[in-house]
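Student: Provided below are the primary sequence and the corresponding predicted coordinates.
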Amino acid sequence: MNQPRTIDYEAAEKKAYKKNLLAFSKNPFTPDSIKRMQSYAKKHFFDIEDVMKKVKEDEMFARIFVKDPFRQSVHENEAASFIRKNKTVSKFKKLPISGANALFLHDGRVITKKERDGLNLSIKSIDFYWEVKSKNGETLKFYASHKYTNEDGGSQDNQYNEQRLFLKNSRKSKMGKNVFFVAICEGNYYNKPSKKESLSKLECMLNDDTSAQNTCISLAQFDDYIEQKSKLILEETPKRRIRKIK
């Protein structure tokens, strides 16, 4: 049996932070950095000149203005790399989060930004797309929403609700039996009990929001999920009879 793959978000965060810190150390007064300093000065009623002077003198204070890896999609990028490394995955795409080419899920269908705007919907874009060839040669298509949520709180609850909405919209898929939707839920938040039940948030979603066409998983379960889905299609699809030519 192969050893299950793991993903280390903390190591990715540290790597990204060190890169940002090095860039900041070389030039702490880029337009982006100055913008963050101006926001800090305004919030705390300081003169911007005093803040910039303090940055030059105090390394610990200066680190406040180092670019936050959380704002650079570090977790999403790490998840994308993890999915790509599954040998059965092909045509993987990290989909745009905005713009004309962004894709959204509504009422069992994948729709464009133009369609979403026309329906006046406030839904988040789909993060990933990939394909898998089943053992009987069928193409399985997957659309995924990825969230990394490690702490409790208001914005984290919003991410949880967004994943549940993604599952709700995919539960009655209208795109055929070979199209699947995956809510990838990463971080300690999803393993903690729901406010209304003793089950974890991940377990609540599995019980209440999933169907044959969708699921919610952590990436630790990803390889098994892909393998199981491939075998399921193989079992459900009747064998074609080969007609002999006389």
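Tutor: Yes, it's here.

Student: for the residue nearest to the spatial centre of the chain, identify the helix or strand it belongs to.
Tutor: A centroid search over the chain (C-alpha atoms, centre = their mean) returns His146, at 1.9 Å, as the residue closest to the centre. Assigned by DSSP states H and E, His146 falls within strand 139-148.

Student: and what of Arg36?
Tutor: helix 31-44.

Student: for that helix, packing partners?
Tutor: If you count contacts as 3 or more C-beta pairs under 8 Å, 6 or more residues apart in numbering; DSSP states H and E, helix 31-44 packs onto helix 48-57. Every C-beta, even on glycine, is put in place using the N, C-alpha and C of the backbone.

Student: quick check: buried residues in the helix it packs on?
Tutor: Residues Val51, Met52, Val55 are the ones in helix 48-57 that count as buried (16 or more other C-beta atoms under 10 Å).

Student: list the buried ones in stretch 218-232?
Tutor: Result for stretch 218-232 [16+ other C-beta under 10 Å]: buried residues Leu219, Phe222, Asp223, Tyr225, Ile226, Lys229, Ser230.

Student: cool, and stretch 135-145?
Tutor: Those would be Leu140, Lys141, Phe142, Tyr143, Ala144, Ser145, for stretch 135-145 by 16+ other C-beta under 10 Å.

Student: list just the nearest of the residues you listed to Ser39.
Tutor: Lowest distance from Ser39 to these (C-beta to C-beta) belongs to Ser145, with 30.2 Å.

Student: could you point out which element follows the strand holding His146?
Tutor: Counting by DSSP H and E, what follows strand 139-148 is helix 154-171.
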